[in-house]
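Enquirer: Model the structure of this input:
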Amino acid sequence: MTHNKESETTRMAFLEKVLTASRRNTSLICIGLDPEYERLPPHLLTQHDPILAFQHALIEATADLVCAYKPNLAFYEALGPAGLVTLQETLRLIPPHIPVIGDAKRGDMSNTARQYARALFEVYQFDAITVHPYLGQDSLQPFFDYHDKGVLVLCRTSNLGARDLQDLSVSDGQAGQERLFEYIARQVVNWNSAGNAGLVVGATYPAELQRIRQIAPELPILIPGIGAQGGELQAAVSAGVDAFGERAIISASRSVLYASSGPDFAEAAAQVTRSLRDQANQARRAAESP
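Expert: Below you'll find the predicted structure:
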């Protein structure tokens with residue numbers, strides 16, 4: 001069954017939408033949709049669009065277990081125009097009450113940023129996207145101007161090379177010396193005049209995640225890096241949730257998508273997602289205990 005987002009749901013601010021989905025499914029888990037043709041179950045390769053068939057089954061099997069989906073645009077763009085058609089068709093398959101985060105990592109001069117924002121928010125109708133802060137506030141303002149859309153700013157990324165730049169010591173003359181990722185978190189809090197900003201912080205750095213949550217107690221934080229990248233779920237939940245055990249979006253991709261390469265791939269993905277959800281909820285309850 002497909003879903004028409006425009007006809008079946010009213011405009012809802014991203015944070016409200018993700019909290020509503022999270023509470024409805026009792027879940028902090030987001031599935032990253034990063035389809036690799038070479039890793040698809042072989043029996044799907046005879047389909048007209050194997051990737052779409054793959055994702056259709058995954059979404060149907062997991063839609064009651066997640067708080068969001070996160071398509072990574074690179075995996076669709078690499079397939080050329082046909083891949084972008086697959087992306088659009090995939091977005092139609094996602095139930096309208098579940099937010100969709102476009103993992104685009106955009107960032108450019110403001111006139112170019114306006115076109116990125118238009119494409120991602122108006123053409124593809126993502127509920128939120130990921131962006132780079134390196135060019136400063138004016139490069140992000142065109143995204144923030146879509147007040148009902150989430151703008152998730154890269155802060156502390158999950159890769160090993162994150163330390164190359166993000167650990168650098170900086171000073172703005174006010175907060176004293178701090179690491180670059182702390183400064184970015186503080187700036188995004190200041191830029192959040194429309195209430196639609198958030199952060200991206202890797203699960204592979206739980207101590208830094210905890211520090212960022214202290215700096216930004218009310219922002220939603222997208223937390224990738226669980227599973228294949230080695231992030232530890234319980235530590236990420238404990239460090240990433242807000243004071244009410246919410247506003248953490250824990251993202252897993254490969255460990256869910258490729259849980260099985262057989263005909264049972266969707267059931268296997270659901271089983272992994274359910275396990276992640278239950279473990280996250282257990283960690284959330286433990287974090288709330290005195």
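Enquirer: Could you tell me how many residues sit around the residue nearest to residue 110 when sequence neighbours are not counted?
Expert: Distance criterion CB to CB, 6 or more residues apart in numbering; nearest residue to residue 110, sequence neighbours excluded, is residue 138 at 5.0 Å. For the C-beta atoms, the positions are set from N, CA and C on the backbone; glycine is no exception. Using other CB atoms under 10 Å, residue 138 is surrounded by 10 other residues.
Enquirer: How about the secondary structure of residue 138?
Expert: helix (DSSP: H, G, I helix; E, B strand; the rest coil).
Enquirer: surely it meets residue 112?
Expert: No: Residue 138 lies out of contact with residue 112 (CB atoms under 8 Å); the separation is 11.5 Å.
Enquirer: now this protein, which segments are flagged as low pLDDT?
Expert: For the chain, applying pLDDT under 70 flags the ranges 1-11, 173-175, 228-229, 289-290.
Enquirer: Which stretches in the stretch 51-200 of the chain count as helices?
Expert: 73-77, 81-93, 110-117, 137-144, 163-166, 180-191 (DSSP state H, counting those that start in this stretch).
Enquirer: With residue 31 as the reference, name the closest of the ones you listed.
Expert: Minimum separation from residue 31 across the helices of the stretch 51-200 of the chain (CB to CB) falls at helix 81-93, 11.8 Å.
Enquirer: ok, the nearest residue to residue 235 once chain neighbours are set aside - contacts?
Expert: If the residues on either side of it in the chain are set aside, residue 235 comes closest to residue 206, at 4.0 Å by CB to CB, 6+ apart. Residue 206 makes contact with 231, 232, 235, 236, 238, 239, according to CB atoms under 8 Å, 6 or more residues apart in numbering.
Enquirer: so which pair among those is furthest apart in space?
Expert: 231 and 238 (12.4 Å).
Enquirer: the more surrounded of those two?
Expert: Set side by side, residue 231 and residue 238 show more neighbours around residue 231, with 22 against 18, by other CB under 10 Å.
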